[in-house]
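Student: predicted structure and sequence below. I'll ask about it afterward.
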Amino acid sequence: MTKVLKLDLLGRPKIAIDDVPVTGLVSAKARALLFYLAVTGEFHSRQWLAGLLWPNMPEADARRNLRGVVMKLRQAVGEYLRLEHDVLGVDVAAAVWVDVRVFQEGVLGKNGRFPTPASLRTALDLYRGEFLEDFHVREAPAFEEWVTQQRTYLRELAIKACMQLISHCLQAGDYAAGITYARKLLTLDPAREEGHQQLMYLLALSGQRSAALAQYETCRRILQTELGIEPAMETAALYEQIRADTLRPPFSHQSSARIT
């Protein structure tokens, strides 16, 4: 039976083969190379990879360092690497599981299919934290820039998943679940005003009027502190509706409905 290489890269990175942690890869640049190849899912030239990880070295020295790192990878996870001529990659079509790729498929859909509430929930469960949390590589600014871009992109995907699940919850009248996803969204981006609006709305619809009004004050404080602005007119209008107790559900539904 084929052993599975598992890469958990959302949150603090973990490497395992058949759930047994791989502890031999102590080199940050060896791990960085593995992560980069696995997430991109592409083959890259040795010249490109050497420049990515050792940009300040002469090419000959950088390529020599790359050979040393590749040797360490082959010792630890060699059967999952593919070396063809002067290019290198991870065989992600084989027995390699990468949480980032599964997360993306859950939020964006796969093979032309739209995401479902179940796939969105599964994706959010995989989002344990920022991409490569607390992982840094010295003197590799291009790699660090790639990590930063991935973090931003994947965080936005997590926010998108929250928004879509909130929409499903509102349609089903499952306000408790909707509140959970709205709070998750605000954990990801505390200054996202739309998230505060959704949480206020859901709290009010679930009968927690005081909490909904308090959420407006939280929103106002965060926007002032982080952005130096007041809540938008739409947020203030929602607050007034809740305060006047004139808010109504968007449409009729059965209160016992749940998303599936």
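Tutor: Happy to help now that I have it.

Student: which stretches of the stretch 151-260 of the chain aren't confidently modelled?
Tutor: 251-260 (pLDDT under 70).

Student: the residue nearest the centre of the chain is in what secondary structure piece?
Tutor: Nearest to the mean C-alpha position of the chain, counting by Cα atoms, centre = their mean, stands L154 at 3.7 Å. In this assignment (DSSP states H and E), L154 forms part of helix 141-172.

Student: so for that helix, what gets flagged as buried?
Tutor: Across helix 141-172, burial judged by 16 or more other Cβ atoms under 10 Å covers 143-144, 146-147, 150-151, 154, 157-170, 172. All C-beta spots, glycine's among them, are computed from the backbone N, C-alpha and C.

Student: over to stretch 191-204?
Tutor: Buried residues in stretch 191-204 (16+ other Cβ under 10 Å): 192-204.

Student: among those residues, which two are most distant?
Tutor: Between any two of the buried residues of stretch 191-204, the greatest separation by Cβ to Cβ is 18.6 Å, found for R192 and A204.

Student: give me the contact list for the helix or strand that the helix holding L154 is followed by.
Tutor: Beyond helix 141-172 on the C-terminal side, the first helix or strand identified by DSSP H and E is helix 175-188. With contacts defined as Cβ atoms under 8 Å, 6 or more residues apart in numbering, helix 175-188 is touched by 124, 155, 158-159, 162-163, 165-166, 169-170, 192, 195-196, 198-199, 202-203, 205-206, 258-259.

Student: can you check stretch 211-223 too?
Tutor: In contact with stretch 211-223 (Cβ under 8 Å, 6+ apart) are residues 190-191, 193, 196-197, 199-201, 203-204, 229-231, 235, 238-239, 242-243.

Student: now the strand or helix carrying D125 against helix 175-188, angle please.
Tutor: Following DSSP H and E, the helix or strand that holds D125 is helix 117-126. Orientation of helix 117-126 against helix 175-188 (axes from the mean of the first three to the mean of the last three Cα atoms, to 10 degrees) gives an angle of 40 degrees.

Student: tell me which residues in helix 117-126 are buried?
Tutor: For helix 117-126, the neighbour count (16+ other Cβ under 10 Å) marks P117, S119, L120, R121, T122, A123, L124, L126 as buried.
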